[in-house]
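Q: Sharing a model that was predicted from the sequence below.
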Amino acid sequence: MSTSAAGHLPPAFPGRAAWGTAAKLRAWQEEALEAYLRSETKDFLAVATPGAGKTTYALRIATELLERGLVRAITVVAPTEHLKTQWADAAGRVGIQLNPSFSNSTGVQSSEYDGVALTYAQVAANPGLHRRRTEATPTLVILDEIHHGGDARSWGDGIRDAFTPATRRLSLTGTPFRSDTNPIPFVRYEMDQAGVLRSASDYTYGYAAALRDGVVRPVLFLAYGGAMRWRTKAGDEIAARLGEPLTRDQTAHAWRTALDPKGEWVPSVLAAADKRLSEVRRHVPDAGGLVIASNRTAARAYAKILLAITGQPATVVLSDDAGASAGIERFAADDSRWMVAVRMVSEGVDVPRLAVGVYATSTSTPLFFAQAVGRFVRARRRGETASVFLPSVPLILQLAASMEEERDHALDRRTDAESEASIWAEEEGMLAAANRTERTLGLEDESRFEALESDAHFDHVLFDAKQYGLHAEAGSEEEQDYLGLPGLLEPDQVAHLLNERQTKQARGGRTRPEPVAGPSPVAAHRALASQRKELNKLVAAYSSKTGTAHATIHLDLRRACGGPELASATGEQVTERIERIRRWFVGRR
């Protein structure tokens, strides 16, 4: 420890003076700092949305406690090796020297350090060592992403054994807690009105508040569905459209088929995301994109597709590769276009220039989704927006629409309780189906499931929990209307432009067929087939928007316009139904 024989900080410790060259605290950080200093409690839980600046806040508390002599050492516990280094670098900028290379095997370090940065796994491997260190010196323990204390019993038990003797403990999280029966160490629980114990934070700063303050970027979610076809382990070939009502198993298989790099869905969505990135880079030249993949095989395949699209190699980051942290650091510092990663960027990793994302993974928990989206929301200047491309999977779209909701950790969970939130039950069912299919990714199981083909179409944009846009072909001018939104916009400007584009599309702006050059007429059967196809797309879009079954919408159109079933309708009758459903989209019956 960097303490003298008398047990005091060395004269070189800069204290609050170091903050003169560091970033000024944001309003929420000042408020949360005051709340912490007023509390004078041993345990404090701060919940702040990803990108809000939890690290800066925690280090300011550490500086205050060191300067006041309340603690003489700092221990940071983080989920990953990469984050240990990130914490040490951030602490060094404000004059606190943390050792991210502390080894359990040696158990000692240079006196130049004010503390250590550890992982939860490292603490669990030898909690006795870290308990002795904590007992030896008055210590502030910062538990980053404290929900990991509930990931495994050994992790929770480890931090409880190691840090019960700490002088102060500051717990941080920026993502929704799970709902289970395992209490997280050092977190206070209170009974809610339904009789369920829930975690109680001492300070909360949610995404909605951060968005109002300009601390985080607004997020555009661009949803893509498409036609999927796969072969089951029984040899049956199944076809379905991602984005339309399906069973859980069908959704899981269609989702996996979409993510197969050999199909057309992934290349089409990556091409669309790269177009969006080009538009953003017109205003933000160093903006970068991130593809979040399910596994290393898919990640490498996605990188090859991006190379073909852009002509530039993508940075590939795999969690079990020795050079993963260095790869992230290089990408964060340069101005290259794309990074593809597996798990490494789920939380905490700081790459502020990330502006466009592709959620190409079948992981569906609220925790992971919030962590993933959190990589794109860190604001550097007003007007920056984040764009995240998603598969049209109901659960994922529901998570995107509920970003502003705050969830506490619930204990004593009862599966038959009437008060149980439906999203948790839906999540578990969908995740179980997805996990069943993901287990077939190994070569030994490859014959049990085969993705045959896929295509992609643009479904809609989700912004501020509202849907904008109608179905459009990938690569079409209608899709480009949404991909080409300016890269610097205030949230109200985003909503205004999305409304404009949807109204234009619903009124037939670019959806009407262009005049055919020359005198050659179009055969009647082709014209009628094209009209029916256009009507079916509009019906599918309206079904996605309202949740109404396709057949019901067709029946409502017949009632409103008259005429026979679609198969017998004339071109004039189909055109009338097209115009009618377009009016429905803009609220006119």
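A: Noted; the coordinates are in hand.

Q: Could you check the pLDDT of the nearest residue to V388 once chain neighbours are set aside?
A: The shortest distance from V388 to any residue other than its chain neighbours is 4.4 Å, reached at G357 (C-beta to C-beta, 6 or more residues apart in numbering). Placement of C-beta: from N, CA and C, glycine included. On pLDDT, G357 comes in at 96.

Q: now G195
A: Per-residue pLDDT puts G195 at 74.

Q: Next: G15.
A: 59.

Q: List the strands paired with the lengthiest strand in the chain, with their directions.
A: What stands out as the longest strand in the chain, according to DSSP state E, is strand 219-231. Note on strand 219-231: by DSSP bridges, its sheet partners are strand 237-242 (antiparallel), strand 386-391 (parallel), strand 450-454 (antiparallel), strand 457-463 (antiparallel).

Q: Out of those strands, which gets nearest to A35?
A: strand 386-391 (28.7 Å; C-beta to C-beta).

Q: helices and strands around the next helix or strand after the closest one, which ones?
A: Per DSSP states H and E, the first helix or strand lying C-terminal to strand 386-391 is helix 394-401. Under the contact criterion of 3 or more C-beta pairs under 8 Å, 6 or more residues apart in numbering; DSSP states H and E, helix 394-401 touches strand 219-231, helix 366-373, strand 386-391, helix 422-438, strand 457-463.

Q: Pick out the shakiest of the ones you listed, pLDDT-wise.
A: Among the helices and strands packed on helix 394-401, helix 422-438 scores lowest, with a mean of 37.

Q: circling back: wasn't the residue nearest to V388 part of a helix?
A: No - G357 is assigned strand when assessed by DSSP: H, G, I helix; E, B strand; the rest coil, not a helix.

Q: For burial, what's the neighbour tally of it?
A: Look at G357: counted by other C-beta atoms under 10 Å, it has 25 neighbours.

Q: can you give me the helices in the stretch 401-550 of the chain?
A: Here the stretch 401-550 of the chain has its helices, by DSSP state H, counting those that start in this stretch, at 422-438, 477-483, 491-506, 524-546, 550-561.

Q: what angle separates the third one from strand 219-231?
A: What that stands for is helix 491-506. 50 degrees (axes from the mean of the first three to the mean of the last three C-alpha atoms, to 10 degrees).

Q: Any buried residues in helix 491-506, and which?
A: For helix 491-506, the neighbour count (16 or more other C-beta atoms under 10 Å) marks 491, 494-495, 497-498, 501-502, 505-506 as buried.

Q: Ramachandran coordinates for V351?
A: phi -130, psi 80 (degrees, to the nearest 10).

Q: ok, and the closest non-adjacent residue to it?
A: Nearest non-adjacent residue to V351, counting by C-beta to C-beta, 6+ apart: A332, 4.4 Å away.

Q: so what's that neighbour up against?
A: 350-353 (C-beta atoms under 8 Å, 6 or more residues apart in numbering).

Q: Surely it is in a strand?
A: No - remark: A332 does not belong to a strand; assigned using three-state DSSP, it is helix.

Q: From D286, how far out is it?
A: Distance of A332 to D286, computed by C-beta to C-beta, to the nearest Å: 10 Å.

Q: got any residues that touch both of these two?
A: Counting by C-beta under 8 Å, 6+ apart, the residues touching both A332 and D286 are R353.

Q: before we move on, back to that, which of the contacts of A332 lies closest to N295?
A: Looking across those and measuring by C-beta to C-beta, the closest to N295 is V351, at 21.2 Å.

Q: contacting residues around the closest one?
A: Here V351 is in contact with 288, 290, 328, 331-332, 339, 345, 375 (criterion: C-beta under 8 Å, 6+ apart).

Q: Please, where are all the strands along the stretch 101-250 of the chain?
A: Per DSSP state E, counting those that start in this stretch, the stretch 101-250 of the chain carries strands over the ranges 115-119, 139-143, 168-173, 189-191, 197-199, 203-205, 219-231, 237-242.

Q: elements contacting the second one?
A: When you say that, I think you mean strand 139-143. Counting by 3+ C-beta pairs under 8 Å, 6+ apart, strand 139-143 packs on helix 54-67, strand 73-78, helix 153-163, strand 168-173.

Q: show me the residues around G243 that make contact.
A: With C-beta under 8 Å, 6+ apart, G243 has these contacts: 223-226, 392, 459, 540, 544.

Q: what do you get for H253?
A: 228, 230, 232, 238, 240, 437, 449.

Q: what sits against the fifth one?
A: Spelled out, it's A240. A240 sits in contact with 227-228, 246, 250, 253-254, where contact means C-beta under 8 Å, 6+ apart.

Q: Let's see if you can find the most crowded of those residues.
A: Within these, A254 tops the neighbour count with 31 neighbours, counted by other C-beta under 10 Å.

Q: And the helix or strand hosting that residue, what's buried?
A: Using DSSP H and E, A254 maps to helix 248-259. By neighbour count on 16+ other C-beta under 10 Å, the buried set for helix 248-259 is 248-259.

Q: What of stretch 33-43?
A: Of the residues in stretch 33-43, 33, 36, 43 count as buried by neighbour count, 16+ other C-beta under 10 Å.

Q: Ok, stretch 565-574 next?
A: Here stretch 565-574 shows 566, 569, 573-574 as buried, counting by 16+ other C-beta under 10 Å.

Q: mind checking the end-to-end distance for that stretch?
A: 10 Å (C-alpha to C-alpha, to the nearest Å).

Q: Can you give the domain ranges for the chain?
A: 15-212, 241-389+451-503, 522-585 (automatic domain parsing).

Q: Can I get stretch 112-129 in PDB, CA atoms only?
A: Output in PDB follows, covering the C-alpha atoms of stretch 112-129 (Å, rounded to 0.1, in the frame of the first residue of the first chain):
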ATOM      1  CA  GLU A 112       3.600   2.800  -4.700                       C
ATOM      2  CA  TYR A 113       0.000   1.700  -4.900                       C
ATOM      3  CA  ASP A 114      -3.100   3.000  -3.100                       C
ATOM      4  CA  GLY A 115      -5.000  -0.200  -3.600                       C
ATOM      5  CA  VAL A 116      -5.900  -3.000  -6.100                       C
ATOM      6  CA  ALA A 117      -8.300  -3.800  -8.800                       C
ATOM      7  CA  LEU A 118      -9.600  -7.400  -8.700                       C
ATOM      8  CA  THR A 119     -12.200  -9.500 -10.400                       C
ATOM      9  CA  TYR A 120     -15.100 -11.300  -8.700                       C
ATOM     10  CA  ALA A 121     -13.600 -14.600  -9.700                       C
ATOM     11  CA  GLN A 122     -10.200 -13.600  -8.200                       C
ATOM     12  CA  VAL A 123     -11.800 -12.800  -4.900                       C
ATOM     13  CA  ALA A 124     -13.800 -16.000  -4.900                       C
ATOM     14  CA  ALA A 125     -10.600 -18.000  -5.500                       C
ATOM     15  CA  ASN A 126      -9.000 -16.800  -2.300                       C
ATOM     16  CA  PRO A 127     -11.400 -14.800  -0.100                       C
ATOM     17  CA  GLY A 128      -9.200 -15.300   3.000                       C
ATOM     18  CA  LEU A 129      -6.300 -13.500   1.400                       C
END
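
Q: any idea of the mean pLDDT for it?
A: For stretch 112-129, mean pLDDT is 95.
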